[in-house]
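Engineer: This is the structure alone, sequence omitted:
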Ligand SMILES: Nc1ncnc2c1ncn2[C@@H]1O[C@H](COP(=O)(O)OP(=O)(O)OP(=O)(O)O)[C@@H](O)[C@H]1O
Ligand SMILES: [Mg+2]
């Protein structure tokens, strides 16, 4: 397995008119599980195909363990790749399909049989080993495809491109758990493409969030949830996503709806004495109080079983607070909104620039 380093890596399919992937720099630790997360068309597959060698990037370099492999073809890079849709040989049985990536690699027959048995067990495919793959249901076909990626042990990385898309919801949970367990044991470097945040957050050590061909943030699930560095991450991750409210700063005080709600603390040295700003706060970090807080009128309360969502309008924006079931709240009532200041962030031009702190007099 290998550390993967991407240096100024970018790609344009049309000779430089538009960029599917804007130049990026990333280093992924050997043995980590990395998720590439983002909406359709953001460049996930492009990035994966550059790593496997199916696409030669327009600019930048790819390194495996410090060795520049940018010019190496897929065969020489030797990574295992599982595509979004199954790629299988119907002239062979499931078992032979699984054995195929191991043939001609000097691996003994016994070892091949052992690995096929292990992978088949992991993916619940044991009873289909003698079948022709294309006669199986499409989700089973995808499992065989997944198995072909997992049988190999000598690879620098295993790349998955949305491998669970066609798998039914229940088995997806099981499979995700098994893949995670497998990763814990084998310590493969795994790069996993998905547009499903739950999949990314539960599976990966590191999540790279892409939007419109750019990396907007890379970090652990907790980093992305607790401190989004870009409005897109706040909005895209979380259910429901982060609330954004237009506010202003006067003499270092943040004013929302004509009320001072705290002081602005700058993160990156940016001057936050005055001017407009966007407040970003997750529904989880808003509570309501009977005594103090910012007055709001609750429009609607939505019971979600384990918690409730209070919907209201604030500073012209639809806003949501995620409240415990113990909180007494009803549609149409007035309430006082309280911000968890440590988790109430300030954004300018969509970038994180600071957070709220208690008012200093
Ligand atoms: N072979 C190609 N030729 C030209 N443009 C392409 C090609 N493949 C992808 N693109 C464009 O590059 C951009 C990124 O595409 P890519 O397939 O990498 O996105 P993605 O994040 O994998 O999307 P999805 O979630 O839909 O699979 C898109 O605008 C897409 O239209
Ligand atoms: Mg794709």
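Structural biologist: Great, that's in hand. The shown structure was predicted, so the numbers you read here are calculated from the model rather than taken from an experiment. Ligands and ions are numbered 1, 2, ... in the order given.
Engineer: Following element in sequence after the lowest-mean-pLDDT helix or strand in the chain, please.
Structural biologist: Within the chain, judged by mean pLDDT, DSSP states H and E, the helix or strand with the poorest mean is helix 169-186; its value is a mean of 82. Beyond helix 169-186 on the C-terminal side, the first helix or strand identified by DSSP states H and E is strand 190-194.
Engineer: Parallel or antiparallel, list what pairs with that following strand.
Structural biologist: According to DSSP bridges, strand 190-194 forms sheet pairs with strand 33-37 (parallel), strand 158-161 (parallel).
Engineer: any idea of the mean pLDDT for it?
Structural biologist: Taken as a whole, strand 190-194 carries a mean pLDDT of 93.
Engineer: Buried residues of the helix or strand following it, list them for me.
Structural biologist: Past strand 190-194, further along toward the C-terminus, the next helix or strand under DSSP H and E is helix 197-203. The neighbour-count criterion (16 or more other CB atoms under 10 Å) identifies 197, 199-201, 203 as the buried residues of helix 197-203. For glycine as for every other residue, the C-beta is placed from the backbone atoms N, C-alpha and C.
Engineer: Also stretch 230-249?
Structural biologist: Taking 16+ other CB under 10 Å as the basis for neighbour counts, the residues of stretch 230-249 that come out buried are 230-238, 241-245, 247, 249.
Engineer: got the end-to-end distance for that stretch?
Structural biologist: By CA to CA, to the nearest Å, the extent of stretch 230-249 from end to end equals 20 Å.
Engineer: same thing with stretch 308-319?
Structural biologist: Stretch 308-319 stretches 14 Å from its first residue to its last (CA to CA).
Engineer: what does that stretch rub up against?
Structural biologist: Residues outside stretch 308-319 that contact it (CB atoms under 8 Å, 6 or more residues apart in numbering): 240, 243-247, 256-257, 283, 286, 288, 294, 296-302, 320-325, 327, 329, 335, 337.
Engineer: From the chain's centre, how far out is that stretch? Work that out for me.
Structural biologist: Counting by CA atoms, centre = their mean, to the nearest Å, stretch 308-319 is centred 26 Å from the centre of its parent chain.
Engineer: Now it: average pLDDT?
Structural biologist: The predicted model assigns stretch 308-319 a mean pLDDT of 97.
Engineer: Give me the buried positions along that stretch.
Structural biologist: Buried residues in stretch 308-319, counting neighbours by 16+ other CB under 10 Å, are found at 308-312, 314-315, 319.
Engineer: Got the confidence number for the closest residue to ligand 1 within the stretch 251-361 of the chain?
Structural biologist: Among the residues of the stretch 251-361 of the chain, residue 350 lies closest to ligand 1, at 19.7 Å counting by CB to the nearest ligand atom. For residue 350, the pLDDT comes out at 96.
Engineer: In contact with the residue nearest to it when sequence neighbours are not counted, which residues?
Structural biologist: With CB to CB, 6 or more residues apart in numbering as the criterion, residue 350 has its nearest non-adjacent residue at 4.3 Å, and that residue is residue 231. Contacts of residue 231 were listed using CB under 8 Å, 6+ apart, and they are 242, 244, 278, 280, 347, 350-351.
Engineer: out of those, who's nearest residue 114?
Structural biologist: Proximity of the contacts of residue 231 to residue 114, judged by CB to CB, is greatest for residue 242, which lies at 48.2 Å.
Engineer: residues touching the closest one, list them.
Structural biologist: The neighbourhood of residue 242, defined by CB under 8 Å, 6+ apart, consists of 228, 231, 234-235, 280-283.
Engineer: Can you tell me which residues in this protein are near ligand 1?
Structural biologist: Of all the residues in the chain, those in contact range of ligand 1 (CB under 6 Å from any ligand atom) are 13, 20, 38, 40-46, 195.
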